[in-house]
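[1] Quick check, what structure comes out for this input:
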Amino acid sequence: MSKANIKALSMLQPRTDEDRRLLNDAACRALIEYQILNYPSFALPSIAAPVVVCGIAHAAGVGEVWMVTGKGFEEQFRTVLRQQRAGLPQLIRVLDIHRLHMLVDPARAGVCRYAEAAGFEFEARLKRMGARGQDLEMYVYKGGMP
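    Numbers count the residues shown, from 1 in each chain. As a prediction, the model looks like this:
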């Protein structure tokens, strides 16, 4: 699955300037590919036509969701959300995660709304935590935790 998700990442057409930066910056791209090869990752709604490549990096019972969105994300929002909602509780059990969170740049259109719709709840604002020194918001998953 990992090689297929790397291929899906190469097919992803960036939705925002931030997604473009993540895909075109060599260091960012290498980190994303590392996450894909070493942790659970997914191309949604399908490997053949991805609008999101995402995954969960995890250690010691704590997981962090990451995602890169592509063109078509808004149109496929509900489909991707249904897939994520269906799979996340099982994945949490399999990985034995007691905490799952995601860091969100509130300046990215639709990502906070997606986090909340996916069952995450705002927890804190982290000052200058982003790659460019911007504030990020931490959302923690509230549904289906053991």
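[2] Low-confidence stretches in the protein?
    1, 109, 144-146 (pLDDT under 70).
[3] Identify the bridge partners of the residue nearest the centre of it.
    For the chain, residue 67 is the residue whose C-alpha lies nearest the centre (Cα atoms, centre = their mean; 2.4 Å). On the basis of DSSP bridges, residue 67 is bridged to residue 54.
[4] which residues touch it?
    52, 53, 54, 55, 102 (Cβ atoms under 8 Å, 6 or more residues apart in numbering). (Each C-beta comes from the backbone N, C-alpha and C, glycine too.)
[5] How about residue 107?
    Going by Cβ under 8 Å, 6+ apart, residue 107 touches residue 134.
[6] ok, so what distance separates residue 49 from residue 106?
    Distance, residue 49 to residue 106, using Cβ to Cβ, to the nearest Å: 28 Å.
[7] Show me what the top helix by length along the chain is packed up against.
    Ranked by residue count under DSSP state H, the longest helix found in the chain is helix 77-95. In terms of contacts (3 or more Cβ pairs under 8 Å, 6 or more residues apart in numbering; DSSP states H and E), helix 77-95 is packed against strand 41-44, strand 52-59, helix 111-117.
[8] Could you measure from the residue nearest to the centre of the chain over to residue 32?
    Residue 67 is 10 Å from residue 32, by Cβ to Cβ.
[9] who touches both of these two?
    Common neighbours of residue 67 and residue 32 (Cβ under 8 Å, 6+ apart) are residue 53.
[10] just to revisit the earlier point, just the closest of the contacts of residue 67 to residue 122, please.
    residue 102 (10.8 Å; Cβ to Cβ).
[11] For the nearest residue to that closest one once chain neighbours are set aside, the count of nearby residues, please.
    Ranked by Cβ to Cβ, 6 or more residues apart in numbering and with sequence neighbours excluded, the top spatial neighbour of residue 102 is residue 65, at 4.0 Å. Around residue 65 there are 21 other residues, counting by other Cβ atoms under 10 Å.
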